[in-house]
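[1] What follows is a predicted protein model with its sequence.
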Amino acid sequence: MSSEGKDRASGPVRTSRKRAGFWAVSWVAVLLLLTGTAPLINGSRAPVDGAGNGSPTPSAPLSSVSLTFDAGRSSQMEAARILKDHGLRGTFFIDSGFVGAPGYMTMDNLHSLAADQNEIGGHTVTLADVTSVEPDEASRQICDDRVNLTDWGFKVTSFAYPFAASSAPAERIVAGCGYNSARGLGEIHTPLDCAGCVAAESVRPADLFRTRAASEVGSAWTLANLEATVEQAEKAGGWLQLAFYDIDDSGSPRSVSPALFEQFATWLAATTGTGTMAVRTVHEVIGGVAQAVVNGPVPAPAAPGKNAIRNPGLETIGKYGLPQCWQVSSYGKNAAVLSTLTPGHSGEVARRLDVTEYASGDAKLLPVLDLGACAPSVSAGHSYSLRAWYQSTAKTQFEVYYRNKLGTWTYWTASPWFAANTSYEQAIWQTPPVPAGAEAISFGLNLFSDGQLATDDYEMYDTIGAPSP
């Protein structure tokens with residue numbers, strides 16, 4: 001995983017304070033649907049001009065609003081219902097590795113969106129910051145998300161950067177994966193922020209792979225704020241992209257209530273029905289044909305006898321003070337804190353996990369659940385020897401997860417318990433044969449009670465050719 005400094009050296013990284021995502025289309029889209037189209041879903045059609053480039057027809061409004069929705073949150077289906085009731089459509093950016101997970105859309109939801117002529121766009125497989133990972137991992141995240149969505153029957157031409165983080169290398173990867181455009185965030189003036197920014201993106205954006213959008217619409221926004229942002233864009237005569245996350249009554253900073261969204265959709269449908277601005281999906285604004293899909297590079301399993309773990313001694317520091325290629329994962333009711341111990345079992349450091357306020361679940365340090373930069377690839381049907389040095393005040397065990405072809409991570413299995421130790425001992429366990437369809441695994445020693453657990457010097461070997469402990 002490349003460091004933040006390395007990312008900046010390869011091109012300026014542009015980020016926004018917030019994430020985003022949503023889109024829509026009005027009666028004008030229906031008119032355009034009858035006069036010329038480019039597919040939103042394989043076998044379906046969406047508006048473009050006679051030249052097939054997606055530009056508005058001469059008689060159509062020249063200004064556009066696109067309602068975009070990020071990450072495929074299940075709450076966005078309420079927004080989809082409201083859009084349909086008002087004759088509008090949107091663009092939904094999907095993280096394909098999360099489809100079917102709790103809080104996210106199902107496959108049936110996606111096909112329902114497409115059946116109502118909403119656009120399905122890409123958002124990486126696992127919500128990855130593509131400016132903070134290695135180029136091959138960024139390619140897998142961006143390209144394979146489009147491959148997954150295309151394999152499910154959608155025609156995917158639009159992309160949105162998770163966390164609005166982009167760079168020149170990331171833009172080139174998006175283009176190379178076959179997308180026609182990519183959306184940023186936080187570069188359009190609104191009543192809440194970006195005072196010195198432009199009122200709208202240009203009708204033909206100067207940078208198709210960093211199109212400008214307003215900051216994410218959240219609980220701080222009012223109907224008046226939304227209306228004012230649309231009206232200023234209409235006056236400027238350009239393209240406005242509004243981005244949404246959750247549509248619910250949680251009151252969280254990134255949510256908009258269904259009642260407010262209903263009010264806005266009602267106003268927007270009436271306003272665009274009689275004015276100089278239309279609601280269009282991103283694809284309808286950008287246009288262009290759907291290009292062939294491109295697969296990301298496939299990471300190979302480690303050779304026999306080679307340790308498959310990156311940064312096994314936890315010595316190299318990554319983002320947020322975590323060891324590079326490692327993350328803390330927990331579930332249930334407990335509080336987990338990771339700290340650094342000096343010296344380690346070997347080398348300069350080890351890492352200690354402290355769990356307090358335990359009621360349920362567990363916490364562990366494990367290789368990042370990614371598409372192959374950090375999570376070690378495996379061969380289905382093979383068994384693997386997992387090893388780590390540890391000392392702890394409570395029982396521990398290996399928890400193991402696997403990733404399938406789509407990029408979805410699933411809990412797999414756990415080892416027997418290892419006893420508490422006041423000095424370093426090596427925990428060693430051989431997994432069962434890897435399930436069919438599994439392409440990578442990630443594992444870590446966990447705590448499932450209050451206690452402290454220090455770990456260091458992780459190893460993972462295919463049992464074929466594994467060295468003796």
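    Looks like it arrived, so ask away.
[2] From the centre of the chain outward, give me the first residue you hit.
    residue 127 (1.6 Å; C-alpha atoms, centre = their mean).
[3] ends of stretch 248-258, how far apart?
    6 Å (C-alpha to C-alpha, to the nearest Å).
[4] Go through it and flag the buried ones.
    Applying a neighbour-count criterion of 16 or more other C-beta atoms under 10 Å, one finds 248, 254-258 buried in stretch 248-258. Every C-beta, even on glycine, is put in place using the N, C-alpha and C of the backbone.
[5] swap in stretch 417-427?
    Here stretch 417-427 shows 418, 420, 424-425, 427 as buried, counting by 16+ other C-beta under 10 Å.
[6] Can I get those in a markdown table including distance to residue 437, secondary structure and pLDDT?
    Shown next, in a markdown table, are the buried residues of stretch 417-427 (distance: C-beta to C-beta, whole Å; DSSP: H, G, I helix; E, B strand; the rest coil; pLDDT from 0 to 100):
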| residue | distance to residue 437 | secondary structure | pLDDT |
| --- | --- | --- | --- |
| 418 | 29 | strand | 98 |
| 420 | 36 | coil | 98 |
| 424 | 36 | strand | 98 |
| 425 | 34 | strand | 98 |
| 427 | 27 | strand | 98 |
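[7] Of those, which is the nearest to residue 174?
    For the buried residues of stretch 417-427, the residue nearest residue 174 by C-beta to C-beta is residue 427; the value is 41.9 Å.
[8] Enumerate the beta-bridge partners assigned to the spatially closest residue to the closest one that is not a sequence neighbour.
    Closest residue in space to residue 427, ignoring its immediate chain neighbours: residue 418 at 4.7 Å, by C-beta to C-beta, 6 or more residues apart in numbering. Beta-bridge partners of residue 418, counted by DSSP bridges, are residue 396.
[9] check contacts around residue 418.
    Shown in contact with residue 418 (C-beta atoms under 8 Å, 6 or more residues apart in numbering): 390, 395-397, 425, 427, 445.
[10] try 7 Å
    Contact analysis of residue 418 by C-beta atoms under 7 Å, 6 or more residues apart in numbering lists 395-397, 427.
[11] of all the buried residues of stretch 417-427, which comes closest to residue 278?
    Among the buried residues of stretch 417-427, and counting by C-beta to C-beta, the member closest to residue 278 is residue 427, at 61.7 Å.
[12] Mind listing the residues bridging to the closest one?
    Bridge pairing for residue 427 - DSSP bridges - gives residue 388.
[13] thought residue 410 was touching residue 435?
    No. Taking C-beta atoms under 7 Å as the definition, residue 410 is not a contact partner of residue 435, at 9.1 Å.
[14] what do those two both touch?
    In contact with both residue 410 and residue 435: residue 402, using C-beta under 7 Å, 6+ apart.
[15] Can you pick out the residue with more neighbours from those two?
    residue 435 (15 against 12; other C-beta atoms under 10 Å).
[16] chain center to stretch 317-331, what's the gap?
    For stretch 317-331, the separation from the chain centroid amounts to 18 Å (computed by C-alpha atoms, centre = their mean, to the nearest Å).
[17] What of stretch 410-421?
    29 Å.
[18] For the buried residues of stretch 248-258, which two are the farthest from each other?
    Pairwise over the buried residues of stretch 248-258, using C-beta to C-beta, the maximum falls at 254 and 258, 14.7 Å.
[19] got a list of what residue 141 touches?
    124-126, 128, 130, 371.
[20] now do 6 Å
    124-125, 128, 130 (C-beta atoms under 6 Å, 6 or more residues apart in numbering).
[21] tell me the two of these that are most distant?
    125 and 130 (10.8 Å).
[22] Tell me the helices and strands packed up against the host helix or strand of residue 172.
    Per DSSP states H and E, residue 172 falls inside helix 168-176. Here helix 168-176 touches helix 135-151, going by 3 or more C-beta pairs under 6 Å, 6 or more residues apart in numbering; DSSP states H and E.
[23] In the protein, which strand is the longest?
    strand 451-462 (DSSP state E).
[24] close enough to count as contact, residue 126 and residue 97?
    Yes. Residue 126 is within contact range of residue 97, at 4.4 Å (criterion: C-beta atoms under 6 Å).
[25] mind checking how far residue 93 is from residue 462?
    Per C-beta to C-beta, to the nearest Å, residue 93 is found 37 Å from residue 462.
[26] more crowded one of those two?
    residue 93 (29 against 21).
[27] ok so that one is a strand residue?
    Yes. With DSSP: H, G, I helix; E, B strand; the rest coil as the criterion, residue 93 is part of a strand.
[28] Can you give me the neighbour number for residue 309?
    Neighbours of residue 309 using other C-beta under 10 Å come to 25.
[29] quick one, the helix holding residue 172 and helix 135-151 angle?
    30 degrees (axes from the mean of the first three to the mean of the last three C-alpha atoms, to 10 degrees).
[30] and after helix 168-176, which helix or strand comes next?
    strand 181-183.
[31] quick one: contacts of that next one?
    158-160, 174, 208-209, 211, 213, 286.
[32] I'd like to know which of the buried residues of stretch 248-258 are part of helices.
    residue 258 (DSSP state H).
[33] just to revisit the earlier point, now the helix holding residue 172, how far from the centre of its chain.
    That offset, for helix 168-176, works out to 16 Å (C-alpha atoms, centre = their mean).
[34] again, but for stretch 279-289
    Using C-alpha atoms, centre = their mean, the offset of stretch 279-289 from its chain centre is 22 Å.
[35] wait, residue 160 sits on residue 94?
    No. Judged on C-beta under 6 Å, residue 160 makes no contact with residue 94 at a distance of 9.7 Å.
[36] in the stretch 51-200 of the chain, which spans are strands?
    63-70, 91-94, 119-122, 158-160, 181-183 (DSSP state E, counting those that start in this stretch).
[37] in the second one, what counts as buried?
    Of the residues in strand 91-94, those with enough neighbours to count as buried (16+ other C-beta under 10 Å) are 91-94.
[38] Let me have those in JSON lines, adding distance to residue 238 as columns.
    Listed next are the buried residues of strand 91-94 as JSON lines, based on distance: C-beta to C-beta, whole Å:
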{"residue": "91", "distance to residue 238": "17"}
{"residue": "92", "distance to residue 238": "23"}
{"residue": "93", "distance to residue 238": "21"}
{"residue": "94", "distance to residue 238": "27"}
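[39] one step back: which of the contacts of residue 418 has the most neighbours?
    residue 396 (29 neighbours).
[40] Tell me how far that one lies from residue 203.
    59 Å.
[41] How about residue 427?
    Distance from residue 427 to residue 203, by C-beta to C-beta: 61 Å.
[42] Over to residue 395?
    Residue 395 is 63 Å from residue 203, by C-beta to C-beta.
[43] what's around residue 305, how many residues?
    Residues near residue 305, counting by other C-beta under 10 Å: 11.
[44] per-residue confidence for the residue lying closest to it once chain neighbours are set aside?
    Of all residues not flanking residue 305 in the chain, residue 465 sits nearest, at 4.4 Å (C-beta to C-beta, 6+ apart). For residue 465, the pLDDT comes out at 94.
[45] Wait, a helix at residue 465?
    No. Using three-state DSSP, the assignment for residue 465 is coil, not a helix.
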